[in-house]
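> model the following, please.
(one chain, ligands or ions: 1)
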Amino acid sequence: MWPLPFTLGHEITGWVEALGDGVSGVAPGDAAAVYCAWGCGACENCRRGSENYCSSAGMRGPGLGLEGAMASHVIVPNARYLVPTGNLDPHELESLLETELETHHHEAAEPAHAMQKVADALPGFGIVAAVLGIVDTMASIEGADTATIGHKVAAALVGTFLGILVAYGFVGPIAAAMEQRANEDSKPFELVKMAFVASVRGYAPPVAIEFARKLLFAGIRPSFADLEAHLKGKTRVESAIG
Ligand SMILES: [Zn+2]
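As a prediction, this is how the structure comes out:
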């Protein structure tokens, strides 16, 4: 499709070494990725910014018919093909993402915490009900027969019973389930953070993905072999989906 020979390499990041005449907007030392579909810059598609659909030059660029990046230096014909990548420090990135995730966790867990507070308060209501019941019993204890007193004490204890039953039997478990759900919903963000930070630290993509895999709980964690097969497009990893 392209006349040979040419140097391969069409996924390029690096630092600007030197500028040609009249180039502005970038300076030597700037970190940049190179957009690798180089059009003519003049046809309708190019003027719309879709140089990958250039109707006169066709699909070409460094490593795509032109000299690519498997070399010490690459000549980029126009500064518009440079995408600044900034000088991202992995530690800064990690703490930034950490803070963001913490905020997310905190927000997601708030309803569960409110529910837990209700659960914690319910036995207190039960005790108040019991005390009121006993006060009522004491008020009518004089001259009452044992059946009446027994009935009133039983009524007082039902208050305590209900408070504890509803707290530990219903509201508490609901709060725990809500918290669990919120934690599970946060997991994908942690995986992305782990893979992203590992990648920025310079680990190869398969290693970065492996770091993320280890964060998954055992019940849904795909095996190393499964994941590798999945990444190579051979099988689907059912357990990691949904
Ligand atoms: Zn064009």
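> now residue 14: how far from the ion?
According to CB to the ion, to the nearest Å, residue 14 stands 25 Å off from the ion. All C-beta atoms are positioned from the backbone trio N, CA, C, and that covers glycine.
> how about that residue, secondary structure?
Three-state assignment for residue 14 (DSSP: H, G, I helix; E, B strand; the rest coil): strand.
> ok, it - contacts?
Applying CB atoms under 8 Å, 6 or more residues apart in numbering to residue 14 gives the contacts 31-32, 34, 69, 74.
> what's the answer for residue 49, then?
Here residue 49 is in contact with no residue (CB under 8 Å, 6+ apart).
> next, it: phi, psi?
With angles defined as degrees, to the nearest 10, residue 49 sits at phi 90, psi 0.
> just to revisit the earlier point, can you flag which of the contacts of residue 14 belong to strands?
Filtering the contacts of residue 14 for membership in strands, criterion DSSP state E, returns 31-32, 34.
> residue 81 contacts residue 35, correct?
Yes. Using CB atoms under 8 Å, residue 81 makes contact with residue 35 at a distance of 4.7 Å.
> still on that earlier bit, just send the contacts of residue 14 back as CSV, with neighbour count too.
Converted to CSV, these look like this (neighbours: other CB atoms under 10 Å):
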residue, neighbour count
31, 15
32, 19
34, 21
69, 19
74, 19
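> which of these sits closest to residue 231?
Nearest to residue 231 out of the contacts of residue 14 is residue 69 (CB to CB; 23.5 Å).
> now do that closest one against residue 183, distance only.
For residue 69, the distance to residue 183 equals 43 Å [CB to CB, to the nearest Å].
> what parts of this structure come near the ion?
Residues of the chain lying near the ion by CB under 5 Å from the ion: 39-40, 43, 46, 54, 56.
> now the helices for this protein?
44-47, 90-139, 146-164, 172-200, 205-215, 224-231 (DSSP state H).
> give me the neighbour count for the nearest residue to residue 205 once chain neighbours are set aside.
Excluding the flanking residues, the one nearest residue 205 by CB to CB, 6 or more residues apart in numbering is residue 199, at 6.6 Å. Look at residue 199: counted by other CB atoms under 10 Å, it has 17 neighbours.
> same question for the one 3 residues further on.
Number of residues near residue 202 (other CB under 10 Å) recorded here: 9.
> in the protein, where is pLDDT below threshold?
87, 234-242 (pLDDT under 70).
> how about a cut-off of 50?
240-242 (pLDDT under 50).
> contacts only, for the residue nearest the centre of it.
Closest residue to the average C-alpha location of the chain: residue 189 at 1.2 Å, with CA atoms, centre = their mean. Listed by CB under 8 Å, 6+ apart, the contact set of residue 189 reads 101, 104.
> show me this structure divided up by domain.
The chain breaks down by automatic domain parsing into domains covering 1-87, 90-202.
> measure the longest one end to end?
Just to be clear, that refers to domain 90-202. Domain 90-202 has an end-to-end distance of 9 Å (criterion: CA to CA, to the nearest Å).
> chain center to that domain: distance?
Mean-position distance between domain 90-202 and its chain equals 26 Å (CA atoms, centre = their mean, to the nearest Å).
> again with stretch 69-80
34 Å.
> pull up the distance across it, start to finish.
Counting by CA to CA, you get 18 Å between the two ends of stretch 69-80.
> how about it: buried residues?
By 16 or more other CB atoms under 10 Å, the buried positions in stretch 69-80 come out as 69, 74, 76, 79.
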